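> For reference, the sequence and a predicted model appear below.
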4 protein chains.
Amino acid sequence: MIIVMAPGASEQQLAGVVDKIRTAGLTEHVSRGTERTIVGAVGDERALTSDMFELMPGVERAMRVVKEYRIVSRESHPQNSVVSVRGVPFGGRALQLIAGPCSVETPQQMAEAAAAVAAAGCRLMRGGAFKPRSSPYSFQGLGVEGLEYLQSAAREHGLPVVTELMDVRMLDTFLEYDVDVIQIGARNMQNFDLLKEVGRVNKPVVLKRGLSATVNEWLMAAEYIAAGGNHNIIFCERGVRGFEPAYRNMLDVTAIPVLKKETHLPVIVDPSHAGGKAWLVPALARAAIAAGADGLMIEMHPHPCEAWCDADQALTPEELTTLTAELRILAEALGRTL
Amino acid sequence: MIIVMAPGASEQQLAGVVDKIRTAGLTEHVSRGTERTIVGAVGDERALTSDMFELMPGVERAMRVVKEYRIVSRESHPQNSVVSVRGVPFGGRALQLIAGPCSVETPQQMAEAAAAVAAAGCRLMRGGAFKPRSSPYSFQGLGVEGLEYLQSAAREHGLPVVTELMDVRMLDTFLEYDVDVIQIGARNMQNFDLLKEVGRVNKPVVLKRGLSATVNEWLMAAEYIAAGGNHNIIFCERGVRGFEPAYRNMLDVTAIPVLKKETHLPVIVDPSHAGGKAWLVPALARAAIAAGADGLMIEMHPHPCEAWCDADQALTPEELTTLTAELRILAEALGRTL
Amino acid sequence: MIIVMAPGASEQQLAGVVDKIRTAGLTEHVSRGTERTIVGAVGDERALTSDMFELMPGVERAMRVVKEYRIVSRESHPQNSVVSVRGVPFGGRALQLIAGPCSVETPQQMAEAAAAVAAAGCRLMRGGAFKPRSSPYSFQGLGVEGLEYLQSAAREHGLPVVTELMDVRMLDTFLEYDVDVIQIGARNMQNFDLLKEVGRVNKPVVLKRGLSATVNEWLMAAEYIAAGGNHNIIFCERGVRGFEPAYRNMLDVTAIPVLKKETHLPVIVDPSHAGGKAWLVPALARAAIAAGADGLMIEMHPHPCEAWCDADQALTPEELTTLTAELRILAEALGRTL
Amino acid sequence: MIIVMAPGASEQQLAGVVDKIRTAGLTEHVSRGTERTIVGAVGDERALTSDMFELMPGVERAMRVVKEYRIVSRESHPQNSVVSVRGVPFGGRALQLIAGPCSVETPQQMAEAAAAVAAAGCRLMRGGAFKPRSSPYSFQGLGVEGLEYLQSAAREHGLPVVTELMDVRMLDTFLEYDVDVIQIGARNMQNFDLLKEVGRVNKPVVLKRGLSATVNEWLMAAEYIAAGGNHNIIFCERGVRGFEPAYRNMLDVTAIPVLKKETHLPVIVDPSHAGGKAWLVPALARAAIAAGADGLMIEMHPHPCEAWCDADQALTPEELTTLTAELRILAEALGRTL
């Protein structure tokens, strides 16, 4: 912790800061500059918060030096972690594609979708049984029935499934239906009770970035899960909220290398929610892979025109197959495999 | 719904759009412009989504005309609604102040705080028993014990209490402890399962705005609560996330008149979380009242320097008393009372 | 300057940092923490930039301690500065209102506008002769002719005029027409050559905040003007760009107390451009004054329906008179005059 | 133009809207919905602005249907335009790299830089002689002397040069020194007088995106240049301002496919300014190319540690050579050449 004293701070005010540092079990280093006096607190900074100092008279600012996340930080674990989903590795040399419809609708839709996902060479299937919809009057998902349709279609093709958990009370049902990867959606990235609960189970978690979450907040959300004992976390960038009306979200590709530097955990990207339009998906998917993502989560629907929600961001099976082929060439050029 | 056809759209594509409108039970109006053809869908627009059309070939854009919120809209209820909290009215001529510490810490702290809140002329008390903290290693609140300390201190002074509910599983406990106002925090504004549950109880709800929620999303979140039958909703603006590093959030005063135009429900402001610094609270409190807010939620701590969290945004009891006196004069100048 | 060494930085890397500090004529203070070593550079920090250190091997981060602005800072000049415009003081106890149309259109429009501005009790008149329009096909202002209409109408009522300078080549013309206050618009806040030129003349300047300028960048833009010798600067907050589609810009009231703390110069607010709608102007004007602004710049048009641009944000003369009366009561409640 | 009447608008108010449409030479189409009446204005929409209607009583909203940009729009020119810079084509199958230091410092630095740029296979050289610096006390560039150093070093290696024009009064000097590409920086994207002037000369222009400019505003800025007769415009995405403190700007890759859809003109990316750190440049450069950019503008300095500004975003010559080799493989995988 570094504490910058205000210009004109008194010796007594400085002594107060020094006292507080010592009380917390750290030691101080005082640098008297020409315009400001600066105090460094040496020791375990995690005993301190900047608030403890910024409120004191004579203090201008206090800044952390050490990062707050530990388990998920690359500092604590320099090698890449590989998260395995029923044998499918995330975070190694191989890129992984997750595809499927936004919402589970009918058994037939899911059967067609699963066949298309497998045929396109994707190794996991997604589908929402519980949907976070901004309107209470919109279709909210099929619920438990949806989990069943998803699993039975996906198992047919040996595809592990990814599906979103919104309500902590449904966690047991997710375990019962043997959901392979629990997705925490953007709106729940800081639903801390939900994070704590998925931290207690032994299931991989896809943690989407909040609508306007900083990278630091996102890492701290992962730390909540990790602190509970579950280290099988996959970050998923899905675009952030910006000022631009021309597209739904702004895909933040810079977050990919920054995360790869800060954490040992895998990072994937959802190009479908980011852009909000099917025609944008190929360009955003390529950019994500080129920036270093470990995989993609792509919306695909066997018949997008009839889809019950978010239809205009879903690829057709043919478009998915074409994109997969393109991405395979790209992966190779980048020294990875698909 | 208005559908704008792309330049060069064919007659067949136009016929497809017309078909879809009729199938949904509405009728079409076609305007052939010099550069674009525009189709209006006349009837109950809520049967349609813009996605249904934007995915169709030949369509450039589709736009809603009618708003999606109903119960909370002023269109549906032109007069102001007054939400009464144990006799304290929100949304009428009288402004209401809610004050208290960020976190419940000890019975003594709460006793001192309650006395100071009452002495300053505030009519409700706040205090967090369950705290949404960005780090799993930070103090997470006293939990149920905190509810007890809060209630027993507040009841002593006849103050109804406001406290945050984060986990749907704690709702029964909140009812058991007879919490007077349930606060839904910014991070849970789109925790839809939580919204649905508080929609089923008969308790006033303070709904904070999400970190980067649009006014429309916020109104839709309230609609979730209202759709469950609970219409006792108080909006609380608390600043939005922006690019400015000089203060924590950007207080969005424009949202106040916009909400007052769009909804009949009361709107209050939290100037403490908005600015993140105690010295900013008076200016932001005045601005909020001047822009038309129906009340304020202010952080006050009997001994801010010792507070366990967010201390640098808490006023002292003396500062709260001074501010209340200032606001009383301001309220009068605005034709309101305090 | 504080330099935080990366974990694992070598002694040699530390020596490199120390060398660089000494070379710049400062001295170092080294604090060896348990996880990071921190180096403070003591002396005239303005000889250093954070880049000089952040590029060096073994350095994690470098942070300024002293602010970069000098002349405009309150540190350098603790009392409020009053900027006088032909005897009208900005920055004292009295609030000042500037009103007038977005664009100068005709001599008659200006005559009516000037009469209405004076009648409403505003002491300065605004009007744009050169207009920054986002489309090259929109009306670009009357140019020099507009300056003439503005001045002759305003002089009739003894009103000093405020008008925007966009092009450095027009400065002499502005001086020739004896423009009383030169406005630098949001889009030109970092047009540094323009800032330098207005820094060389002896005319008050209204400096609008850039569309997404930080408070620090804004202060630095003012420092450009001040460094040229012209200290007659009035800051004008006009809303920043945000994610909210419901209103044009987001009025940042928090910037007002922050600026008043950081600089001795006056701060006014433009509620018309901020909200973009006439019906929002009164609420935003009140909020600005309540937050501590020293004045307002308000759009008023004698016949808004016929206006050539930005009409929907202009008040009518009657609305301006009503607002002025309201603000007078508000000003008194805040211990100021109008 | 589509005009949505407010609920409860009178027949007289509707007649007023119809009148205004007819007066402007267009014809109306009225659709009476169950909740709203909608009026379409058929004819040349460019005679209308939404303000003309939104101010009228009984009108809720007015929306444009046709885009405001013409010359730069792909609608007006469906094929890609290739902008040739002394024989180097931008916008064709070949990707183009522009590299060089942020600032021109000395003849020797420029000689080394030019050699390194050519050796790495880049076909244009950049270097700033006039620098937009946020502080008036920072190095402002060498000015005309810098143009000379830049040109003489670049010509030695047959490299056309790109350099920033900030002040309209320097345009003749730029022409005299035969600058090959005039760069308009982010801070001047809406310096309309500057845009008009570069629209009158016959030189390619690199138009950087403003700090928080929408794609539409950016296209309109290009339209200013094009309207003057200069159609040799290259768009350059350089990151936008966001809420994330971990990196300087947020590179907006989504803007690339959106621009390629909206305009026929080439689009390049500046990964150096976007991320603000040299270590981020390779990932961002790859992402930009993968998203469809036609080229890159990269900061490279022969000795970054000694650079006078923005040093921590400059690559070394070796890093540039490595990156170029990587990008060549990537380009091929994408069906392009480098």
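Alright, I've got the coordinates.
> The lengthiest helix in chain A vs chain B: in contact?
Of all the elements of type helix in chain A, the one with the most residues (DSSP state H) is helix A:317-333. No: with Cβ under 8 Å from any Cβ of the partner chain as the criterion, chain B is not reached by helix A:317-333; the gap is at least 12.5 Å. Placement of C-beta: from N, CA and C, glycine included.
> repeat for stretch A:62-71
Yes: if you take Cβ under 8 Å from any Cβ as the test, stretch A:62-71 does meet chain B, through A:Glu68.
> Is A:Ile268 part of a helix or strand, or is it coil?
When states are read from DSSP: H, G, I helix; E, B strand; the rest coil, the local structure at A:Ile268 comes out as strand.
> actually A:Gln183, not the one I typed
On the three-state scheme (three-state DSSP), A:Gln183 is labelled strand.
> Tally up the residues packed near it, please.
Other residues near A:Gln183 number 25, with proximity taken as other Cβ atoms under 10 Å in any protein chain shown.
> As a check, name the ranges of all helices in chain A.
A:11-23, A:50-54, A:107-119, A:144-156, A:171-176, A:192-198, A:215-227, A:255-262, A:271-275, A:281-290, A:317-333.
> Run through the neighbouring helices and strands of the worst-scoring helix or strand of chain A on mean pLDDT.
Among the helical and strand segments of chain A, the one scoring lowest on mean pLDDT, DSSP states H and E is helix A:50-54, with a mean of 79. With contacts defined as 3 or more Cβ pairs under 8 Å, 6 or more residues apart in numbering or on different chains; DSSP states H and E, helix A:50-54 has these neighbours: helix A:11-23, strand A:59-63.
> on that earlier part again, just want the angle from the longest helix of chain A to helix D:281-290.
For helix A:317-333 against helix D:281-290, the angle between stretch directions is 140 degrees (axes from the mean of the first three to the mean of the last three Cα atoms, to 10 degrees).
> Check the gap between A:Met297 and C:Thr173 for me.
With the distance defined as Cβ to Cβ, to the nearest Å, A:Met297 ends up 59 Å from C:Thr173.
> who has more neighbours, these two?
Neighbour tally, A:Met297 and C:Thr173, criterion other Cβ under 10 Å: the higher count belongs to A:Met297, 27 against 16.
> can you pull the contacts of the more buried one?
The neighbours of A:Met297, taking Cβ atoms under 8 Å, 6 or more residues apart in numbering or on different chains as the test, are A:Leu97, A:Ile98, A:Ala99, A:Arg126, A:Val162, A:Val206, A:Cys236, A:Ile268, A:Val269, A:Asp270, A:Ser272.
> Out of these, which is nearest to D:Arg248?
Using Cβ to Cβ, A:Val269 is the member of these that lies nearest D:Arg248, at 21.2 Å.
> Count the neighbours of that closest one for me.
Applying the criterion other Cβ under 10 Å, we find 31 residues in the vicinity of A:Val269.
> So which bits of chain A are right by chain C?
Counting by Cβ under 8 Å from any Cβ, the residues of chain A close to chain C are A:2, A:4, A:7, A:29, A:31-36, A:38, A:40, A:42-45, A:63, A:65-66, A:75, A:212, A:241-243, A:245.
> quick revisit: buried set for the longest helix of chain A?
Residues of helix A:317-333 classed as buried: A:Pro317, A:Glu319, A:Leu320, A:Thr321, A:Leu323, A:Thr324, A:Glu326, A:Leu327, A:Arg328, A:Leu330, A:Ala331, A:Ala333 (neighbour count, 16 or more other Cβ atoms under 10 Å in any protein chain shown).
> Of those, which are in range of chain D?
Restricting the buried residues of helix A:317-333 to those touching chain D (Cβ under 8 Å from any Cβ) yields A:Leu330, A:Ala333.
> what would the buried residues of helix A:317-333 look like in JSON lines with pLDDT?
Putting the buried residues of helix A:317-333 into JSON lines (pLDDT from 0 to 100) gives the following:
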{"residue": "A:Pro317", "pLDDT": "97"}
{"residue": "A:Glu319", "pLDDT": "97"}
{"residue": "A:Leu320", "pLDDT": "98"}
{"residue": "A:Thr321", "pLDDT": "98"}
{"residue": "A:Leu323", "pLDDT": "98"}
{"residue": "A:Thr324", "pLDDT": "98"}
{"residue": "A:Glu326", "pLDDT": "97"}
{"residue": "A:Leu327", "pLDDT": "98"}
{"residue": "A:Arg328", "pLDDT": "97"}
{"residue": "A:Leu330", "pLDDT": "98"}
{"residue": "A:Ala331", "pLDDT": "98"}
{"residue": "A:Ala333", "pLDDT": "97"}
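> Make JSON lines out of the buried residues of helix A:317-333 and add distance to A:Gln109.
Compiled in JSON lines, the buried residues of helix A:317-333 are given as follows (distance: Cβ to Cβ, whole Å):
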{"residue": "A:Pro317", "distance to A:Gln109": "12"}
{"residue": "A:Glu319", "distance to A:Gln109": "17"}
{"residue": "A:Leu320", "distance to A:Gln109": "15"}
{"residue": "A:Thr321", "distance to A:Gln109": "18"}
{"residue": "A:Leu323", "distance to A:Gln109": "20"}
{"residue": "A:Thr324", "distance to A:Gln109": "20"}
{"residue": "A:Glu326", "distance to A:Gln109": "26"}
{"residue": "A:Leu327", "distance to A:Gln109": "25"}
{"residue": "A:Arg328", "distance to A:Gln109": "27"}
{"residue": "A:Leu330", "distance to A:Gln109": "30"}
{"residue": "A:Ala331", "distance to A:Gln109": "29"}
{"residue": "A:Ala333", "distance to A:Gln109": "35"}
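> how far away is the nearest residue to A:Ser212 once chain neighbours are set aside from C:Ala115?
Taking Cβ to Cβ, 6 or more residues apart in numbering or on different chains, and ignoring the residues beside it in sequence, A:Ser212 has B:Ser212 as its nearest neighbour in space, at 3.8 Å. Taking Cβ to Cβ as the measure, B:Ser212 and C:Ala115 are separated by 45 Å.
> again, but for A:Ala333
To C:Ala115, A:Ala333 is 71 Å away according to Cβ to Cβ.
> do the same with A:Thr263
A:Thr263 sits at a distance of 66 Å from C:Ala115 (criterion: Cβ to Cβ).
> Who has more neighbours out of the two?
It is A:Thr263, of A:Thr263 and C:Ala115, that has more neighbours when counted by other Cβ under 10 Å, with 27 against 15.
> Hmm, A:Leu330 is touching A:Ala288, no?
No: using Cβ atoms under 8 Å, A:Leu330 is not in contact with A:Ala288, being 10.4 Å away.
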